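Trainee: everything below, folded, please.
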Amino acid sequence: MKYHTYAIAALATCLVLGCDKQKAVIDDTKEATKEAIDTRKAEVNADAKYATEQTDVNAKIDKANIQANKESIQAQLDADKKKADAEADAAKAKVDAEQE
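Mentor: Numbers count the residues shown, from 1 in each chain. Have a look, this model is predicted:
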């Protein structure tokens, strides 16, 4: 009878230890999964931050190009205006010279 009691106690201990090991494995797996998810979230945040910064840089470049293009066109239009004024003044001077 003594051995029977010891056997039951030993079996119960093994079952409890087995359950504890299984729970420990489950907890370890859960923690590893959470860490992997947290790592992936950090990577996604870093990628998004870089993409946002790059978009801001590209926007500044585009804005500078637009401004440069605008200034170039305005300078050309100002030159065309001065040329038209000069041509008109020359034509008036020619008319005045012909009338004298």
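Trainee: contacts, neighbours, all on C-alpha from now
Mentor: Will do.
Trainee: low-confidence stretches in this structure?
Mentor: 1-20 (pLDDT under 70).
Trainee: before we move on, what SS does the residue nearest the centre of it have?
Mentor: Most central in the chain under CA atoms, centre = their mean is Ala51, positioned 1.6 Å from the mean C-alpha point. On the three-state scheme (DSSP: H, G, I helix; E, B strand; the rest coil), Ala51 is labelled helix.
Trainee: ok, now how distant is it from Gln22?
Mentor: Going from Ala51 to Gln22 by CA to CA, to the nearest Å gives 43 Å.
Trainee: ditto for Lys30
Mentor: 12 Å.
Trainee: next: Asn45.
Mentor: Distance from Asn45 to Gln22, by CA to CA: 34 Å.
Trainee: repeat that for Asp38.
Mentor: For Asp38, the distance to Gln22 - CA to CA - is 24 Å.
Trainee: burial of Val95, as a residue count?
Mentor: 11 (other CA atoms under 10 Å).
Trainee: ok, now the one 4 residues further on?
Mentor: The burial count assigned to Gln99 is 7, neighbours taken as other CA under 10 Å.
Trainee: re the thing from before, what is in contact with Lys30 and Gln22 at once?
Mentor: Common contact partners of Lys30 and Gln22 (CA atoms under 8 Å, 6 or more residues apart in numbering): none.
Trainee: just the helices in this structure please.
Mentor: Secondary structure of the chain (DSSP state H): helices located at 2-99.
Trainee: and Ala68, how many residues sit next to it?
Mentor: 12.
Trainee: then Ala42?
Mentor: 12.
Trainee: check contacts around it.
Mentor: Contacts of Ala42 (CA under 8 Å, 6+ apart): none.
Trainee: distance of it from Ala93?
Mentor: Taken as CA to CA, the span from Ala42 to Ala93 is 76 Å.
Trainee: before we move on, what about Asp27?
Mentor: Taking CA to CA, one finds Asp27 at 98 Å from Ala93.
Trainee: equivalent analysis for Thr29, please.
Mentor: Distance from Thr29 to Ala93, by CA to CA: 95 Å.
Trainee: please apply the same query to Lys41.
Mentor: Counting by CA to CA - Lys41 and Ala93 are separated by 77 Å.
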